[in-house]
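Student: Any chance you could fold what I've pasted below:
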Amino acid sequence: MFRALGLLLATSLSLLPEAAAAAEFDGRTLGFAWALPFVGILLCIALFPLLASHAWEHHQGKIAALWGLLVLVPMAAIFGPMTAVHALAHTAFLEYIPFILLLLALFTVAGGILIRGNIHGAPVANTVLLAIGTVLASFIGTTGASMVMIRPVLRANDDRVHNAHVVVFFIFLVSNIGGSLTPLGDPPLFLGFLRGVDFFWTTTHLLPETLFASAVVLAVFFVLDTYLYKKEGRIKPDPTPDKPVRVTGGINFFLILTIIGAILFSATVDLGRFTVLGTEIEVANAVRDLIMIVVTIMSLALTPKANREENGFSWGPIKEVAKLFAGIFIAIIPVLAMLKAGSEGAFAPLVALVSNPDGTPNNAAYFWLTGGLSSFLDNAPTYLVFFELAGGNPQTLMTQGALTLAAISAGAVFMGANSYIGNAPNFMVYAIAREGGVKMPSFFGYLVWSGAILIPTFLLVTLLFFRG
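Tutor: Predicted structure coming up:
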C-alpha cells in the first residue's frame, strides 16, 4: 500500500512540478496521474467480482478506501493538509452525504411497499411491468421506482430459464431512461433545477426523446423476451404461482411524498447558511437531509416487519453502494477539477469537441460527451460540468440554448444505463438480483448488452433530435 502511495506521489510530483506551490486544488495544474485512482477503482469494480469474488465481497470497503487514500494522501502532501480536508469536506457534505441519505430513504421506504401476489412473467406482462416502472421513475425517482418494482419483476420471472435479460432491460429503462421527465427523476436534473431550470422544463423538452428511446428499448425487449420465452417453454416449476396482486405498506407512499416535499423545500426556501471545515452548507439542505433520516426511521417503525421479510429486504445492497461510492466520490475529486478547468486543463481536447468550427455548440458532442462520462462517472457532477461549459445561464439555456441543454440532460440521464456504475440504482438492482439467484452478467458482460442495445438507440436519438 505504502509503495503504491509513494509511486503515485512521485509520479504526481514529476508531472506537476508547479503544483507544490499551489495554494488551492486547481484543476489547471493537474496531470493525468491524478485520474489513476479513479481508473483503478473502476477496474476493481469491473474485475474483482469476476476474478476474486470472495475477496471482493469481504474486502470491498477496504479496497474502496485504499483508492480514496491514493487521492487524499498525495493531495495533502502536494497542496497541503487543509486543502485535502476542505476537498474531502466539500465532497462529503455537499455530495456524498445528501446522495447516500436520499438513497437510504428511498431504499428503506420502497422496501416497505409490498406487492403481494405474482404475475407470470410472459413477454406482454414483462413489457407492461417495465413500462409502469419507466413511468414511475420520473415521479418517485429512478431509485424509488427501481426498489418498488424490482422484486415483483424478479418474482414474475423466477420460473424462467432465461431471466437475466429482464433485469438488464429493467436497469436500462426503470433505473435510468425513465427518470428524465422531472427534476425528481434523477439527480442531474435536480441539480439543474437548483441552478434555475424550471421544474417542468425537462417534462416538455425531453418528452419526445424519452418516449422515443423508451419505445425502442421496450420494443427490442418484447421481441427478445418473446423469442426466449418460446424457446425455453415451461421447464422450471414456478416457486411463486400466479396470484392476485395486492399492494400493502401504504404509509410509505406518504413518506415518498415527504421525500419529494423535502427536496422541493430545500430548493425553494432560503434559511441561511453555515460553514463547516471551509464548506458552506445551506440550512435548508441540512433540514432536507435530516428529514431523510427521519423518514427512514419512520418507515422502519411504521411498516410491518412482514412486508420487508416478504420483500427479501436486506441492508446488503445499500451497504455495498455506500462503501463503493465513498471511494468513487473521493477518487473523482481531481477528475472533476480537471474537467472544470475546461480548455486550461488536461481534458482540453475533450472540451474542444463540444464546439463547431463557427463557435456554435455541437449538440451531438454535448450529448455523447456528457453521456460518455456519465456512463462511468457520477452523472450529477458531470451534468454540472457541461451545464457550465455551455454557459451556465439557465434562462439562456432554456431558450436559445434549449437544444444544448436537452442534449446535456438526456446524455446524463440516458447514458447512466451504459454501465453498472453509471447510476446508483444500477448497482443496487444488480445486487438485489444476484441475491435473488439471477445470474447477472459481469461488468464487461453488461457493457456488451448496453453496447448492443443502447448505443444504436442513442445513435438514432442523436440523428433525430441532436443534429442541430
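Student: residues in contact with Gln60?
Tutor: Neighbour list for Gln60: Phe48, Glu320, Lys323, Leu324 [criterion: CB atoms under 8 Å, 6 or more residues apart in numbering]. Where you see a C-beta, it was placed from the backbone N, CA and C, and this is true even at glycine.
Student: let's see it at 6 Å
Tutor: Neighbouring residues of Gln60 by CB atoms under 6 Å, 6 or more residues apart in numbering: Lys323.
Student: how would you label it: helix, strand or coil?
Tutor: Assigned with DSSP: H, G, I helix; E, B strand; the rest coil, Gln60 falls in the helix class.
Student: That one and Leu66: what is the separation?
Tutor: From Gln60 across to Leu66, the span is 11 Å (CB to CB, to the nearest Å).
Student: repeat for Arg151
Tutor: 34 Å.
Student: for Glu320, same thing?
Tutor: Taken as CB to CB, the span from Glu320 to Leu66 is 16 Å.
Student: How about Arg434?
Tutor: For Arg434 relative to Leu66 (CB to CB), the value is 24 Å.
Student: which stretches of the stretch 251-400 of the chain form helices?
Tutor: 251-268, 283-302, 305-311, 316-340, 348-352, 363-374, 379-389, 394-398 (DSSP state H, counting those that start in this stretch).
Student: how about the third one: buried residues?
Tutor: The reference is to helix 305-311. Across helix 305-311, burial judged by 16 or more other CB atoms under 10 Å covers Asn307, Arg308, Asn311.
Student: can you give me the helices in the stretch 101-250 of the chain?
Tutor: 123-156, 164-173, 187-194, 201-205, 207-232.
Student: which stretch among the ones you listed comes nearest Ala267?
Tutor: helix 187-194 (5.5 Å; CB to CB).
Student: who touches the closest one?
Tutor: Pro183, Thr202, Ala267, Asn379, Ala380, Tyr383, Leu384, Ala412.
Student: swap in stretch 394-413?
Tutor: By CB under 6 Å, 6+ apart, the list of residues contacting stretch 394-413 reads 179-180, 186, 188, 195-197, 201, 205-206, 209, 361, 363, 366-367, 370-371, 374, 379, 383, 386, 390, 466, 468.
Student: on that earlier part again, go through the helices of the stretch 251-400 of the chain and find the least confident stretch.
Tutor: The minimum mean pLDDT among the helices of the stretch 251-400 of the chain belongs to helix 348-352 (a mean of 73).
Student: Pull out the buried positions in it.
Tutor: Leu350, Val351.
Student: Could you do stretch 272-284 as well?
Tutor: Quick answer for stretch 272-284 (16+ other CB under 10 Å): Thr279, Ile281, Glu282, Ala284.
Student: do the same with stretch 202-216
Tutor: So for stretch 202-216, counting by 16+ other CB under 10 Å, buried means Thr202, Thr203, His205, Leu206, Glu209, Thr210, Ala213, Ser214, Val216.
Student: Could you dump the residues you listed into CSV with distance to Ile332 and pLDDT added?
Tutor: Shown next, in CSV, are the buried residues of stretch 202-216 (distance: CB to CB, whole Å; pLDDT from 0 to 100):
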residue, distance to Ile332, pLDDT
Thr202, 24, 92
Thr203, 29, 91
His205, 28, 93
Leu206, 25, 94
Glu209, 27, 95
Thr210, 27, 96
Ala213, 26, 96
Ser214, 29, 96
Val216, 31, 97
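Student: After the lowest-mean-pLDDT helix or strand in the chain, heading C-terminal, what element do we hit next?
Tutor: Every helix and strand in the chain was compared by mean pLDDT, DSSP states H and E; the lowest is helix 2-15, with a mean of 39. With elements assigned by DSSP states H and E, the helix or strand that comes after helix 2-15 is helix 36-51.
Student: Now do that following helix: which elements does it pack against?
Tutor: On a contact count with 3 or more CB pairs under 6 Å, 6 or more residues apart in numbering; DSSP states H and E, helix 36-51 meets helix 53-79, helix 316-340.
Student: Tell me which of those helices sits most buried.
Tutor: Each of the helices and strands packed on helix 36-51 was assessed for mean neighbour count using mean count of other CB atoms under 10 Å. The highest is helix 316-340, with a mean of 22.
Student: Arg273: which of the helices of the stretch 101-250 of the chain is closest?
Tutor: With CB to CB as the criterion, Arg273 lies closest to helix 187-194 of those, at 14.3 Å.
Student: could you give the mean pLDDT of that closest one?
Tutor: On average, helix 187-194 scores 79.
Student: returning to what we had before: now distance to Ala105 too, for the buried residues of stretch 272-284, in CSV please.
Tutor: Shown next, in CSV, are the buried residues of stretch 272-284 (distance: CB to CB, whole Å):
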residue, distance to Ala105
Thr279, 22
Ile281, 19
Glu282, 19
Ala284, 17
